[in-house]
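Colleague: Quick one, structure for this:
(4 chains)
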There are 2 protein chains.
Amino acid sequence: MTGTQSPAEATGPGPDHSTGPGGHPIRVLLAEDQSMVREALAALLGLEPDIEVVAQAARGDEVLAAARAHDVDVALLDIEMPGRTGIEAAAELRAALPELKVVVLTTFGRPGYLRSAMEAGAVAFLVKDAPAAQLADAVRRVLAGERVIDPTLAAAALAEGANPLTDREREILRAAADGATNAELAAALHLSQGTVRNYLSTAIQKLAARNRAEAVGIAREKGWL
Amino acid sequence: MTGTQSPAEATGPGPDHSTGPGGHPIRVLLAEDQSMVREALAALLGLEPDIEVVAQAARGDEVLAAARAHDVDVALLDIEMPGRTGIEAAAELRAALPELKVVVLTTFGRPGYLRSAMEAGAVAFLVKDAPAAQLADAVRRVLAGERVIDPTLAAAALAEGANPLTDREREILRAAADGATNAELAAALHLSQGTVRNYLSTAIQKLAARNRAEAVGIAREKGWL
DNA sequence: AGATCGTGGTGACAGATGTCATGCGGGAGG
DNA sequence: CCTCCCGCATGACATCTGTCACCACGATCT
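Modeller: The predicted structure is shown next:
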């Protein structure tokens, strides 16, 4: 199925070839920090006659400007990016360009991510280990007004329930993630050591962990960090 | 801000690297667990007239069989894969098919990974946030007998020095990574609790960490885990 | 033969961590 | 109004963790 020609550059002068649903090719913004992956995805989408990658971003904080500059129909956002996460960028896009359809694309199918993405205004959520064909498919479907979400993940997200951690607990757990001691956490967050230990203790119990390290692992896995 | 210049393509008056050993297109095996990324990379390589992706693998333990079945010239291996890491798969390939050129491709430019990859017989080491053009380029160059390594990373790998941890220390640190307690580690590894603590203590000191959590983080970052 | 190193162990000790009871003040909601 | 919950704090207590000294065996190297 890789019998296509046209090695034209993705960001190059787009000749109007075959038409998409709206009459013009679908204009896509692709945001992903790893260039090799980003350009590979662009190549993949470039094989579709009705899709055109008109802009690329390597950082979350470049997304909004790029979307504005290129009159984009659909934005494909990776979550893990420097500058701003794809989720934050999605929220920004929704505020500034409500017409734009946002697809969140991620390595980790964490239920908490799905939840946050939907709350940030995304209309599709794809994991990178889904078949590649789903990517172009999702682009077309969101433009048609559909939402695209892996049903398994959706079920998992509902089953998990919401994040049980309070803001403070999450903040402290995040700060503790890289091995800081209680004293350092207390200093960094302007709290007493006892308070830090209390928050950590309740977080550990809420997550059914046996110590802070496991708590960090669980929270991370569920996308609650 | 990846200013990729020199998009020189194979049709130009360059060196004679437009075909594989027998005059046929270069036969490539692509191993990467995330289908979307794998198929996207395949699409990218498919744009090159002298390269053909003849086999794909989604798991490390499928690599050898796939390479054998398709008479492959170059194997492109991701490191993080289920079943077997790309590094382990590289060692396996060198033992079974010494002619085959192995390119290791990874998300994380950890010096320890580079070192392990080279020891496992890889002849090229690419990070996924390098420009996409380097991928096809590396494939051609390894087939021509060159080694392809990012000089910055090579310098970092030399500067880091070798992994200071003994086998046992690494094993215990790895087991401790997800929050197990000393008692659990002792039980799992058939050691006494005191021994576990001794090993952990020396590992913490070797890595200049302040506790096991930080030690795990440092070891992971350097690719020593 | 002696020195070194990795592995495995013990005992002791200080300090870090996790738990619990308890207190206070403020905001949200019945 | 009163209660519940969150943020913040303290003190006390038990356990876990990290460090240190010291021992023993086998392999390796000089």
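Colleague: buried stuff in the helix or strand bottoming out on mean pLDDT in chain A?
Modeller: Between all helices and strands in chain A, the lowest mean by mean pLDDT, DSSP states H and E belongs to helix A:151-160, at a mean of 83. Neighbour-count burial for helix A:151-160 flags A:153-154, A:157, A:160 (criterion: 16 or more other C-beta atoms under 10 Å in any protein chain shown). Bear in mind the C-beta positions are built from the backbone N, C-alpha and C, glycine included.
Colleague: What lies in contact with the helix or strand just after that helix?
Modeller: Toward the C-terminus, helix A:151-160 is succeeded by helix A:167-176 as the next helix or strand (DSSP states H and E). Residues from elsewhere that reach helix A:167-176 (C-beta atoms under 8 Å, 6 or more residues apart in numbering or on different chains): A:163, A:165, A:185, A:188-189, A:196, A:199-200, A:202-203, A:206, A:212, A:215-216, A:219, A:224-225.
Colleague: Is any residue of helix A:167-176 near DNA strand D?
Modeller: Yes - contact of helix A:167-176 with DNA strand D (C-beta under 7 Å from any atom of the strand) involves A:167-169.
Colleague: Out of those residues, which is nearest to chain B?
Modeller: Nearest to chain B out of the residues of helix A:167-176 next to DNA strand D is A:E169 (C-beta to the nearest C-beta; 16.9 Å).
Colleague: so what does the helix or strand encompassing A:A187 touch, helix or strand wise?
Modeller: When elements are assigned from DSSP H and E, A:A187 belongs to helix A:182-189. Contacts defined by 3 or more C-beta pairs under 8 Å, 6 or more residues apart in numbering or on different chains; DSSP states H and E place helix A:182-189 against helix A:167-176, helix A:193-206.
Colleague: tell me the angle of the shortest one relative to helix A:193-206?
Modeller: With axes from the mean of the first three to the mean of the last three C-alpha atoms, to 10 degrees as the criterion, the two stretches helix A:167-176 and helix A:193-206 enclose an angle of 100 degrees.
Colleague: and helix A:167-176, which residues are buried?
Modeller: In helix A:167-176, counting by 16+ other C-beta under 10 Å, buried: A:169-170, A:172-173, A:176.
Colleague: State the three-state secondary structure for A:V53.
Modeller: strand (DSSP: H, G, I helix; E, B strand; the rest coil).
Colleague: Tell me the predicted confidence for it.
Modeller: A:V53 carries a pLDDT score of 96 in this model.
Colleague: can you check the one 10 residues further on too?
Modeller: In this prediction, A:V63 carries a pLDDT score of 97.
Colleague: That one: neighbour count?
Modeller: Counted with other C-beta atoms under 10 Å in any protein chain shown, residues neighbouring A:V63 total 28.
Colleague: pretty sure it is in a strand, no?
Modeller: No - the assignment for A:V63, made by three-state DSSP, is helix rather than a strand.
Colleague: quick one on the thing from earlier: give me the subset of the buried residues of helix A:167-176 touching DNA strand C.
Modeller: Of the buried residues of helix A:167-176, not one also sits near DNA strand C (C-beta under 7 Å from any atom of the strand).
Colleague: Among those residues, find me the one that's closest to DNA strand C.
Modeller: A:A176 (7.7 Å; C-beta to the nearest atom of the strand).
Colleague: near chain B at all, the helix or strand containing A:A117?
Modeller: Using DSSP H and E, the element containing A:A117 is helix A:111-119. No - Helix A:111-119 does not reach chain B (C-beta under 8 Å from any C-beta of the partner chain); its nearest approach is 15.4 Å.
Colleague: any idea how far that helix is from the chain center?
Modeller: Relative to its chain's centre, helix A:111-119 lies at 9 Å (C-alpha atoms, centre = their mean, to the nearest Å).
Colleague: any idea how far the residue positioned nearest the centre of chain A is from A:V104?
Modeller: Centre of chain A computed as the mean C-alpha position; nearest residue by C-alpha atoms, centre = their mean is A:I79, 2.8 Å away. Separation of A:I79 from A:V104 (C-beta to C-beta, to the nearest Å): 6 Å.
Colleague: what sits in contact with each of the two?
Modeller: Contact criterion C-beta under 8 Å, 6+ apart; residues shared by A:I79 and A:V104: A:86-87, A:113, A:117.
Colleague: how about low-confidence regions in chain A?
Modeller: A:1-23 (pLDDT under 70).
Colleague: Point me to the residue sitting farthest from the middle of it.
Modeller: Farthest-from-centroid check, chain A (C-alpha atoms, centre = their mean): A:G194, 35.8 Å.
Colleague: Check which residues of the helix holding A:A117 are buried.
Modeller: Those buried within helix A:111-119 under the rule 16+ other C-beta under 10 Å are A:111-118.
Colleague: Kindly identify which of those residues also come near DNA strand D.
Modeller: Applying C-beta under 7 Å from any atom of the strand to the buried residues of helix A:111-119, none is adjacent to DNA strand D.
Colleague: now, which of those sits nearest chain B?
Modeller: A:Y113 (15.4 Å).
Colleague: Surely A:T85 touches A:G60?
Modeller: Yes - counting by C-beta atoms under 8 Å, A:T85 does reach A:G60; the two are 5.8 Å apart.
Colleague: okay, these two: which has more neighbours?
Modeller: Each of A:T85 and A:G60 has its neighbours counted (other C-beta under 10 Å); A:G60 has more, 24 against 21.
Colleague: From A:A120, how far out is the more buried one?
Modeller: 12 Å.
Colleague: anything in contact with each of these two?
Modeller: Common neighbours of A:G60 and A:A120 (C-beta under 8 Å, 6+ apart) are A:E88.
Colleague: Please list all residues in contact with the nearest residue to A:A132 once chain neighbours are set aside.
Modeller: Excluding its sequence neighbours, the residue lying closest to A:A132 (C-beta to C-beta, 6 or more residues apart in numbering or on different chains) is B:E39, at 3.4 Å. When contacts are counted by C-beta under 8 Å, 6+ apart, B:E39 touches A:44, A:131-132, B:56.
Colleague: burial of A:R141, as a residue count?
Modeller: 17.
Colleague: What residues of the helix or strand where it lies count as buried?
Modeller: Assigning secondary structure by DSSP H and E places A:R141 in helix A:133-143. By neighbour count on 16+ other C-beta under 10 Å, the buried set for helix A:133-143 is A:134-143.
Colleague: would you turn these into TSV with distance to A:A91?
Modeller: Below are the buried residues of helix A:133-143 laid out as TSV (distance: C-beta to C-beta, whole Å):
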residue	distance to A:A91
A:Q134	24
A:L135	22
A:A136	25
A:D137	25
A:A138	20
A:V139	20
A:R140	24
A:R141	22
A:V142	17
A:L143	20
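Colleague: Go through those and name the one nearest DNA strand D.
Modeller: Once C-beta to the nearest atom of the strand is applied, the member of the buried residues of helix A:133-143 that ends up nearest DNA strand D is A:V142, at 34.9 Å.
Colleague: can you pull the contacts of the closest one?
Modeller: Contacts of A:V142 (C-beta under 8 Å, 6+ apart): A:74, A:101, A:103, A:123-124, A:148.
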